[in-house]
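What follows is a protein structure lacking sequence information:
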């Protein structure tokens, strides 16, 4: 299993699936969510509307999958990260759930490569270092629990330098 961190634009990643840090409406927004919706084209919004019509909104810690449409990735997993309040509202558990459920969805489609953004660290104000620790810990725990996974590569795609340096430092210290 290859775990890497890069600083790049997740909409350009040539992987089987990218993860979208979505909001609960799944209808696009700012940050990575808006960028993914814009790059994927209007079909992504239509697909997300269908998901909401069938299942309702997507709560924090949950994930759903759609096609990737105009993206290089075949699929998009939309996961809703928690808004950071004070660290006492299950934020860490909900963030860990975003990673775990996204990985489960990727394997359910027998995918080989996945790229994650830095979930909840933008407008949701999750502390970046804590978010990186949770992401890496959760992914490693998931890998250990799934010895027969189809995934061979998990990529953390950091938009900003600060997140990239945090992930790189944590990955290098292993």
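Now that the structure is in, tell me what you want to look at. As the structure is a prediction and not an experimental result, all values here were calculated from the model.

residue closest to the middle of this structure?
In the chain, the residue lying closest to the centroid (C-alpha atoms, centre = their mean) is residue 19, at 3.5 Å.

What's opposite that one in the beta bridge?
Beta-bridge pairing of residue 19 under DSSP bridges involves residue 77.

how close does it sit to residue 5?
14 Å (C-beta to C-beta, to the nearest Å). C-beta coordinates here come from the backbone N, C-alpha and C atoms, glycine included.

related to what we said a few turns ago, give me every residue that touches the residue nearest to the centre of the chain.
Counting by C-beta atoms under 8 Å, 6 or more residues apart in numbering, residue 19 touches 63, 76-79, 98, 102, 114-117, 119.

All the strands of the protein, in order from the start?
2-7, 17-22, 63-67, 75-80, 113-116, 153-158 (DSSP state E).

Between the contacts of residue 19, which sits nearest residue 12?
The closest of the contacts of residue 19 to residue 12 turns out to be residue 115 (C-beta to C-beta; 9.8 Å).

separation between that closest one and residue 142?
As judged by C-beta to C-beta, residue 115 and residue 142 stand 15 Å apart.

Between these two, which has more neighbouring residues?
residue 115 (24 against 20; other C-beta atoms under 10 Å).

For that one, list each beta-bridge partner.
Beta bridges link residue 115 to residue 18, residue 155, judged by DSSP bridges.

my guess is it meets residue 13, correct?
Yes: the pair residue 115 / residue 13 is scored as a contact, 4.3 Å apart, by C-beta atoms under 8 Å.

list residues touching both of those two?
Counting by C-beta under 8 Å, 6+ apart, the residues touching both residue 115 and residue 13 are 73, 155, 157.

Those residues into JSON lines, with extra columns for pLDDT and neighbour count?
Converted to JSON lines, those look like this (pLDDT from 0 to 100; neighbours: other C-beta atoms under 10 Å):
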{"residue": "73", "pLDDT": "98", "neighbour count": "26"}
{"residue": "155", "pLDDT": "98", "neighbour count": "20"}
{"residue": "157", "pLDDT": "98", "neighbour count": "25"}
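
Fine by me, we can end here.
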